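Enquirer: following is a predicted model, sequence given first.
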Amino acid sequence: MGQCAQPRRILQQAGKRSGQMLRCVGFEQEAAAGHLDQLRKPSCRRLNHRHAGRHGLEQVEAKSIRIMGWDGQYRQGSQKFPATGAIERPIAFAGNDVPGVMLASAVRDYAINWAVAAGQRVVVATNNDDAYRTALALHGAGVTVVAVADVRARVEGPLPERVRACGIPIFEGRAVRRAVGGKRLERVELCLFESDGQALTETFSCDALAVSGVWSPAVHLWCQP
């Protein structure tokens, strides 16, 4: 089982309501976002500093990195190409428009880049491993991660094991049945993924829900004539 780093109290709440700006105290970037190290190298030059990043446009020196094609083979090139990144998909469920329901990557970016917590009690719902990075980043920042709901019947791998080592419960084969709240999220209801949505299994009080429905390549630029 992987080791879990002790939570670092890197965020201080500036107001009573969750989601308000938090003052950064000795903030450190979470190593879970490992791809950031690659983007810091001279081989990557941002074309637009206001919009570049994981979802933005990067100009990359192909000769300085290896590129894996659709066939799984690595290649090296000598020309520059735009790497447009990927877009995280949401998950549809009742109440997915309640304030406090956010993409998992957005919750992680707010915490890592701007020291802002989307909530003080967060539930993570996912169908892939990437959302576990959000759980680890929030836990390391001192935010309570109530649970991780994963639609997969069996969840294994380094990231889930790190989350388990932190004492965060993982509910396998679960999906969000409903997010309940008015002007803010109050609770999340889970159900069995292999069901008609009526098999209510757990209910968690929370003020934020981080959702990840896997990543899709941003191919829109290449679809242009």
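Expert: Good, I have the coordinates.

Enquirer: how much space between residue 104 and residue 194?
Expert: Distance, residue 104 to residue 194, using Cβ to Cβ, to the nearest Å: 23 Å. C-beta here means a position set from N, CA and C on the backbone, and glycine is covered the same way.

Enquirer: so where's the protein uncertain?
Expert: Flagging of the chain using pLDDT under 70 yields the residue ranges 1-82, 197, 225.

Enquirer: of residue 104 and residue 194, who's got more company?
Expert: Shown here are residue 104 and residue 194; by other Cβ atoms under 10 Å, residue 104 has more neighbours (28 against 10).

Enquirer: list the contacts for that one?
Expert: Going by Cβ atoms under 8 Å, 6 or more residues apart in numbering, residue 104 touches 88, 124, 126, 130, 131, 134, 210, 211, 212.

Enquirer: swap the cut-off to 10 Å and go again
Expert: 88, 90, 118, 122, 124-126, 128, 130-135, 137-138, 209-213 (Cβ atoms under 10 Å, 6 or more residues apart in numbering).

Enquirer: residue 179 versus that one, what's the distance?
Expert: From residue 104 across to residue 179, the span is 14 Å (Cβ to Cβ).

Enquirer: with residue 148 instead?
Expert: Taking Cβ to Cβ as the measure, residue 148 and residue 179 are separated by 16 Å.

Enquirer: and the contacts of residue 104, which are buried?
Expert: Buried subset of these (neighbour count, 16 or more other Cβ atoms under 10 Å): 88, 118, 122, 124-126, 128, 130-135, 137-138, 209-213.
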